Every structure is written in structure tokens, then in C-alpha cells.
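K.L.:
Curious how this folds, go ahead:
(6 chains)
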6 protein chains.
Amino acid sequence: MSTVCPPQNAESDPRVKAVFDDIRATRKVDTLNNLWHYLAATPGLLEEVWADVKTVMATESALDSKTKEMLYIAVSVANSCSYCVHSHTAAARARGMTNDEYEDLLRVVTLAARTNHLVTGLQVPVDAMFDQDQSS
Amino acid sequence: MSTVCPPQNAESDPRVKAVFDDIRATRKVDTLNNLWHYLAATPGLLEEVWADVKTVMATESALDSKTKEMLYIAVSVANSCSYCVHSHTAAARARGMTNDEYEDLLRVVTLAARTNHLVTGLQVPVDAMFDQDQSS
Amino acid sequence: MSTVCPPQNAESDPRVKAVFDDIRATRKVDTLNNLWHYLAATPGLLEEVWADVKTVMATESALDSKTKEMLYIAVSVANSCSYCVHSHTAAARARGMTNDEYEDLLRVVTLAARTNHLVTGLQVPVDAMFDQDQSS
Amino acid sequence: MSTVCPPQNAESDPRVKAVFDDIRATRKVDTLNNLWHYLAATPGLLEEVWADVKTVMATESALDSKTKEMLYIAVSVANSCSYCVHSHTAAARARGMTNDEYEDLLRVVTLAARTNHLVTGLQVPVDAMFDQDQSS
Amino acid sequence: MSTVCPPQNAESDPRVKAVFDDIRATRKVDTLNNLWHYLAATPGLLEEVWADVKTVMATESALDSKTKEMLYIAVSVANSCSYCVHSHTAAARARGMTNDEYEDLLRVVTLAARTNHLVTGLQVPVDAMFDQDQSS
Amino acid sequence: MSTVCPPQNAESDPRVKAVFDDIRATRKVDTLNNLWHYLAATPGLLEEVWADVKTVMATESALDSKTKEMLYIAVSVANSCSYCVHSHTAAARARGMTNDEYEDLLRVVTLAARTNHLVTGLQVPVDAMFDQDQSS
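P.N.:
Numbering: from 1, shown residues only, chains lettered A, B, ... in the order given. The predicted structure is shown next:
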């Protein structure tokens, strides 16, 4: 059940085909997960989202792929995005996240949630020592 | 401005002193950040929260300290906890997070937020291939 | 699956019937969506919620109906309310939202989510020039 | 710093004065908290919000006033509304919430946040036994 | 559909069996809800979560059990945790929450959500009179 | 107070200067709001964020500028981003949002928050008629 209908024969649109080909090549997979099929209804948005995902997640950068996928899980849990929790937990595992690391991630995410709510409940003022901003 | 008043001479309460001593020893610091001073008004809660934080964040585990602090930032951003964003960004830096890694973290967190909202807007159904659960 | 059971023969209760009749007349529809059937278990709450929805969404006001439904989608996405995303996307379409407008809405909503998380991560201080409040 | 400017001499508008008088009489206070002063810029909205707050919070109902204020705190913490956390913690105390009850509230709110994030991380399927809905 | 697979014969692990036995004894139930079956895949986390839940929810404290379950519902709604909304609504009913109390809870939770968003939209400054903190 | 320190003489970096020049030209302003000064510490991220903002918000598209800024406010309120609420309320006013339209926006945003929480509390199942997806 979705708010949009994924187009049939989506790859008959050359813009969609180009993105789908690039996803398959970049990720070395044969089948694409649902997000891309549903985005095919809006080729412009498909191109933009894939460009962003490719730049941030599929390009070498300061953090390794596994860590980036774990950060993605953490945000997706806090934002209650069921689909993203599923897809990025699978992706983190595919990039080497072990069961022990996953258990550790759940510990940190749930502890953070606990203290986030505690601090917001108490309205603790921010310590001056945390301020990096010399200009203000 | 807070919903509670941190007690003066908090360490005259031996339960508070024991926790404060343990935080100083574990973290190798002389001064405690505000959260602990404000929690001192409720010694039972102070003990429980510190026990949790010590177990999850200050004990060797599958993930290294820096990664755990970065996950903490990610959740705190998504939960809009200003204090926690400040304190855990400082903690991640103290555990070696570089400027490049921080920039990368911001990229991942903000991309995740973007696709979390996209997928929730589209209500994309979860792919069967993401299901780990053989029992259902 | 719900936390309440929608009553059978809900319209045998005159308070429920009066609200259902008014929804059908106001919206020019024959069937009501699930929210109203489930609220029929609590007639007082049903009356209050419908009164609010009618006042805000079904009454002429400064913003046109389509814009109001699009704002409703935006909030519902950010609050992760699957039901509301579905119902208000359908309502926005019924009030004339085109595919291009929907694509544009998704762009704005997801960009906002991205910069919301960025600014919260950076804890950027609010510019004085944004302040409307001459009294403080 | 606010997005609106509270009007000076707000009570020269009879609609504002009527609401302000009713708040003072209902709450038995001489001064109003900021929310009402800022809402005075939009008298229609002021009337609607006060009518809602009076009906739900200041009218006898199944739950006592203290419990209702505590529920209000819980939601406001989870929604990261600093102002509401402050105002409803003060209101709960004014209605008799003890320090022990407040500590207990913080325990429940933070535990709930923890397991909310845990369950969302694990994507645990809802048990059939929780379903109240015989119609589906 | 879940991100983990609940172990078959989970109770062949003595750590899991000890927790499951304690849950059954504490709650006086024969069958456990899904959360515990899924947590059995990570016995250390299972022990920690149950210890927390038992301490906060199943131990006599300043607030009665019904009120604690209602606060749990409030947080779970605001955090959009479908599973937790279901399980804690069932728990609150089991501890005596009446239909009128549930209707009242829904009124307070939804009013709080409304004013949380209103105050955040207006960015109303916190009144000095709400400050409990004499130290700052 | 921020987690980063905005660089002094930021425009001595040609990448920063190029972006700042483009913002000033696109928006026809002399001074930039804080977000851009703080992002100048990470020129790559500055370029990416401005490119996104320019594409979505400063380019002609299906929705007019005022409507897009109002959607931005709605998301920012729901995500509790104080800075974004301030900056986009100012932007919406600069693009012609009247006081009546702003009042209407607040009504819709707060009603949506209310029913989001109501529907999540009740766990109302999505109506089949809302499904656009013929493929599932």
C-alpha cells in the first residue's frame, strides 16, 4: 500500500533506465529494492535522490561504509521510518556489521533515546565548555 | 533555566559522592558536566543513569568509543536534544573524531533524514528480502 | 489491528449519526474513512474531532483547501503518521494537487528534513534579524 | 525571540480581554504565562486554543488534574517542546505532583523512549493478542 | 517482518530461560509477548531490558501501575511506536484503565500535541516564573 | 553556542566566496543568515546544501515560493527545529505570507499534530481506498 503507483516497464523511460543501470553497477546487484521502483514515477526526483545516496553512501569518504550504514540505522530508528530501518540494517550487515556490533548499536541508540528524553524533561542548560563557537 | 534545582553541596550525600567519584575516575576528569549536577537532586535516578551510561559507553564492547559517540550524536540530532548534541559532539571529538569524519557524519545524518521523510511520504512497502524473521 | 473496536451499528447512537450525516453532507461522500468509524466508540471525542476538522479544513479561510491538505501531508510525514499520510495525500489529490505539485511537495519536505537535522547537528544560533518580538 | 510580536495593550481588544478574564478566573491567577500574550496577536486562534485547553485540562473528567498534567509533560518531552515541558511541569507541581512522583515520571518516560527505539530498531511484529478490533 | 530472527528453542539457553521464567512469574502470565521472543537472540540485551522494565514498571513506586502504563502510552504515541502503543494500551487496560479514562488520555495527548506544535511554531519564550533553577 | 566555530574571513576561501556570492545574487541580499557562516567551516558541505536549497527553493517549479516556504515551516515545526522555524517564517513573510495565512497555517499544523497523535494512539488501519499502488 503506497501513495504512488510504481510504473510498469519503468525502464522504457531512458532517464529511469540510466539510474537503474547505475544503481545495479554501483551496488553490484541484479534487483533493486522498492524505493527505486516507486521513485521511478517521478524521474527527476529519482535522479536527485540517487545522486545524493551515491555521493554520500557509495563514495569513499572519511567514514567507512559499515559505520555510515549504522549511523543511517540510528537516524531511521529515531525518525520511526520502518522501511529505512529494514533496508539499512540489511545494508549494514552486507557491509560486515556483526551480531555483536548490532547489539552494541541497539544499546547505544536506546541509551541515547533514554537520556535525550531525560535531559529534555529536566531542561538541563548546556555547559559553556561544550561551546565551540568563539564568535558568539 | 531548568525544571529542577541542582542541590548545593550535592556531594554531602554519600550516594551522590560515590557516583560523582566514579564518573571522575572513569572519565579521568575533574569537573562534571551539568547533567550530573542536575540529576543529583534525585540520587536514585542518578545512580541508574550513570550505571547505564557507564555500561554502554565506558566499557569495552564490539564498537569502539568514537563510533558509539557518533551514533549517540545521530540519535540526539533526530530527537532534537540540544544538550545531548552538544555533549556528545564534544565527547566524540575527545575520542578522536576528526573534522572530516564529523562532516561525513553530518552528510549521512541529513541524507537519512531526507530519505526517511521521502519513504514515509511515499509509504513504500518493505521488500520481502529485508525480512530476517523466518518465524512469521 | 487497532487498540479499539469500532462499534457495529454505530449510527444507532444519535450523536454518532448526527456527526456521520454532517461528514457525508460536508464532504459530499457516501462512505466514511476508517478514522470516523473507530472514533464512533467514543461519541464525545468524535464530535470534538469532527468539529475541529470541519472548522479548519472544510471552512473557507485564508488558505485554499489544496494548500491546507498539502500542509497536512507535510506535518503527517514529519510525525510518521502512516494513516494520515495516506488519507491527506488522497484528499490533496481530490482537491486538485497535480503530480508535479506532489513531486515538488516531496522535494520541499525532504529538503526541510535535511536542513532541520543539519541545523540541529550544528546548533546554529538564531539570527537576531529573524526576531519579530519587540517586547523581549 | 519569537516569530510573532505580542500586542501591547492586548486587552483593549474585547475578544482578548474576555479570554484573559476567563483564564484568570478559571486558574485563579493574576498573571498569564507567555503563551496567551503571544496568542493575543491572533484573537480567533486565542479563543480556540483556550476553549480546548479549558475543556480538556480545567474541566472535571475521568482523570484527575495532576495525572492529566503528567501526561502532558510526557508528550511534551517526546515532542521536544521546551516551553511546554516547563509550563506543564510547573502546572503538575501546582496540582500536587510530589518530587517522588516526578522522579517516577522521568523513569517511565525515559524507559518508554528506550523501548520505543528498541522495538522500532528490531521491527517487532505486533502480537495478535493486542488487537481489540474484531471487525478487521 | 523483523530485522532479527527470534531463536527457536530460545529457552534452551539458561540465561534466556531465567529471564522468561521471571517475566512469567512477575506478570503472572503463561505466554510472553513478541518483544521478549525477539530479544532472546541477544541474551545480554534481553537481561538488561527486562531488568529495567521490571524495576520501573513492576515495582511499587510513587505512581501506581495504571498511571505508569498511561504515561508509557503517551510517550509511545508521540514517538510513533506502533508496537508499544498496542502493548501498553493492553497493559493499561489490564491494570484497570476504564474506557472513560482512555478517552480522557487521548484528549490530553492530542491537546498536548496541538499546543506543542503551536508553541514551537510561535517560538514562545519560556516564562521566568517556570524556572526552578536558583543556581543559574 | 554551536558545535562548530564559523571561520573568520571565510570568503578568503574561493569555494566559500563563490557560494556566498551566489546566495547574495540569488536572494538579492547583502548579508547572509548564520547557517551559511557556520557551514563555511566545511566548504564541501556548504556547496552541497546551497545547491539543494537553490534547486528546490529558488527555482521556478510547480508550487509557488510562498507555498514552499509554508511547507518548510510545517516540517520544521514538526521536527522541532527552532532555527528553521525562525528562518522560514521570515522567508514566507518576505514572499508574501499574510497574517491571516500564517494564522491559518498554524491552525492546520496544530490540527494535523492532533490527529496524527489520535490516529497513532488508536492505530486506525489504513483504508483500502487510499491505496494508489496497483502493483501490490
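
K.L.:
what residues are up against the nearest residue to residue A:76 once chain neighbours are set aside?
P.N.:
Counting by C-beta to C-beta, 6 or more residues apart in numbering or on different chains, residue A:84 is the residue found nearest to residue A:76 once chain neighbours are left out, at 3.7 Å. (C-beta placed from N, C-alpha, C; glycine too.) Contacts for residue A:84 (C-beta atoms under 8 Å, 6 or more residues apart in numbering or on different chains) come out as A:72, A:76, B:112, B:115, B:116, B:119.

K.L.:
distance of the third one from chain D?
P.N.:
I take that to be residue B:112. Between residue B:112 and chain D the computed distance is 14 Å (C-beta to the nearest C-beta, to the nearest Å).

K.L.:
tell me which element residue A:84 falls in.
P.N.:
Using DSSP states H and E, the element containing residue A:84 is helix A:82-94.

K.L.:
Buried subset of the contacts of residue A:84 as a ChimeraX selection?
P.N.:
For the buried members of these, the matching ChimeraX selection, counting by 16 or more other C-beta atoms under 10 Å in any protein chain shown, is:
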select /A:72,76 /B:112,115,116,119
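
K.L.:
What about the contacts of residue A:84, which are in helices?
P.N.:
Of the positions in the contacts of residue A:84, A:72, A:76, B:112, B:115, B:116, B:119 sit in helices, assigned by DSSP state H.

K.L.:
Turn the residues you listed into CSV, including pLDDT.
P.N.:
Output for the ones in helices among the contacts of residue A:84, formatted as CSV (pLDDT from 0 to 100):
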residue, pLDDT
A:72, 98
A:76, 98
B:112, 98
B:115, 98
B:116, 98
B:119, 98
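
K.L.:
ok so, going back, quick check: the residue nearest to residue A:76 vs chain E, distance?
P.N.:
Residue A:84 is 11 Å from chain E, where distance means C-beta to the nearest C-beta.

K.L.:
Domain-wise, how is chain A divided?
P.N.:
A:1-59, A:60-121 (automatic domain parsing).

K.L.:
Taking chain A, what residue is nearest to chain B?
P.N.:
Nearest to chain B, among the residues of chain A, is residue A:78, at 3.3 Å (C-beta to the nearest C-beta).

K.L.:
how about the strands of chain A, start to end?
P.N.:
In chain A, no strands are found when defined by DSSP state E.

K.L.:
what about the most centrally placed residue in it, distance to residue A:111?
P.N.:
The structure's chain A has its C-alpha centroid closest to residue A:72; by C-alpha atoms, centre = their mean the separation is 4.2 Å. Between residue A:72 and residue A:111 the distance is 19 Å, computed by C-beta to C-beta, to the nearest Å.

K.L.:
Tell me if I'm right that residue A:98 and residue A:105 touch.
P.N.:
No. The criterion here is C-beta atoms under 8 Å, and residue A:98 misses it with residue A:105 at 10.4 Å.

K.L.:
Which one's more surrounded, those two?
P.N.:
Each of residue A:98 and residue A:105 has its neighbours counted (other C-beta atoms under 10 Å in any protein chain shown); residue A:105 has more, 24 against 13.

K.L.:
ok, back up a step: TSV please, covering the domains of chain A and showing distance to residue E:40.
P.N.:
Converted to TSV, these look like this (distance: least, C-beta to C-beta, whole Å):
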stretch	distance to residue E:40
domain A:1-59	28
domain A:60-121	12
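
K.L.:
okay, these, which one's buried deepest?
P.N.:
Most buried of the domains of chain A by mean neighbour count (mean count of other C-beta atoms under 10 Å in any protein chain shown) is domain A:60-121; its value is a mean of 23.

K.L.:
which residues sit in contact with residue A:3?
P.N.:
Listed by C-beta under 8 Å, 6+ apart, the contact partners of residue A:3 are B:121, B:122, B:123, C:85, C:86, C:89, C:90, F:130, F:132.

K.L.:
let's go with 10 Å and repeat that
P.N.:
The contact partners of residue A:3, by C-beta atoms under 10 Å, 6 or more residues apart in numbering or on different chains, come to A:38, B:120-124, C:73, C:85-86, C:88-90, C:92-93, C:102, C:106, F:130-133.

K.L.:
Go ahead and measure how far the helix holding residue A:84 is from the middle of the chain.
P.N.:
How far helix A:82-94 lies from its chain's middle: 8 Å, per C-alpha atoms, centre = their mean, to the nearest Å.

K.L.:
any idea of the mean pLDDT for it?
P.N.:
Averaging pLDDT along helix A:82-94 gives 97.

K.L.:
Report the angle between that helix and helix E:82-94.
P.N.:
Helix A:82-94 and helix E:82-94 meet at an angle of 120 degrees, taking axes from the mean of the first three to the mean of the last three C-alpha atoms, to 10 degrees as the criterion.

K.L.:
Can you list the low-confidence ranges for chain A?
P.N.:
Scanning chain A for pLDDT under 70 picks out A:134-136.

K.L.:
Please list the residues of it that sit near chain E.
P.N.:
By C-beta under 10 Å from any C-beta of the partner chain, the residues of chain A that approach chain E are A:73, A:78-82, A:85-86, A:88-90, A:92-93, A:99-100, A:102-104, A:106-107, A:110-111, A:113-114, A:117, A:122-125.

K.L.:
any idea how far residue F:49 is from the nearest residue to residue A:132 once chain neighbours are set aside?
P.N.:
Setting aside the residues directly before and after it, residue A:132 is nearest to residue F:5 in space (C-beta to C-beta, 6+ apart), at 4.9 Å. Using C-beta to C-beta, we find residue F:5 at a distance of 18 Å from residue F:49.

K.L.:
for residue A:124, same thing?
P.N.:
For residue A:124 relative to residue F:49 (C-beta to C-beta), the value is 30 Å.

K.L.:
quick one on the thing from earlier: I'd guessed the residue nearest to residue A:132 sits against residue F:42; true?
P.N.:
No. The criterion here is C-beta atoms under 10 Å, and residue F:5 misses it with residue F:42 at 11.5 Å.

K.L.:
Not counting its neighbours along the chain, what's nearest residue A:37?
P.N.:
Nearest to residue A:37 is residue A:6, by C-beta to C-beta, 6+ apart, at 4.3 Å.

K.L.:
thought that neighbour was touching residue A:40?
P.N.:
Yes. Proximity of residue A:6 to residue A:40 meets the contact threshold set by C-beta under 10 Å, at 6.0 Å.

K.L.:
All the helices of chain A, in order from the start?
P.N.:
For chain A, helices defined by DSSP H occupy the ranges A:14-27, A:34-39, A:43-57, A:65-78, A:82-94, A:99-122.

K.L.:
can those go into TSV with extra columns for distance to residue D:13?
P.N.:
Listed next are the helices of chain A as TSV, based on distance: least, C-beta to C-beta, whole Å:
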stretch	distance to residue D:13
helix A:14-27	56
helix A:34-39	50
helix A:43-57	46
helix A:65-78	43
helix A:82-94	47
helix A:99-122	35
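
K.L.:
Relative to residue C:60, which of the ones you listed is closest?
P.N.:
Of all these, it is helix A:43-57 that lies closest to residue C:60, at 32.9 Å by C-beta to C-beta.

K.L.:
So stretch A:98-108, near chain D or not?
P.N.:
Yes. Applying C-beta under 10 Å from any C-beta, one finds stretch A:98-108 touching chain D at A:102, A:105, A:106, A:107.

K.L.:
and the second one, how far is that from residue B:104?
P.N.:
Meaning residue A:105. The value you get for residue A:105 to residue B:104, if C-beta to C-beta is used, is 17 Å.

K.L.:
for the first one, same thing?
P.N.:
As for residue A:102, its distance to residue B:104 is 21 Å (criterion: C-beta to C-beta).

K.L.:
One more: residue A:90?
P.N.:
The gap separating residue A:90 from residue B:104 is 21 Å, by C-beta to C-beta.

K.L.:
Next up, the contacts around residue A:33.
P.N.:
Neighbour list for residue A:33: A:23, A:27, A:83, A:86, A:87, A:90, A:91, B:124, B:126, B:127, B:129, B:130 [criterion: C-beta under 10 Å, 6+ apart].
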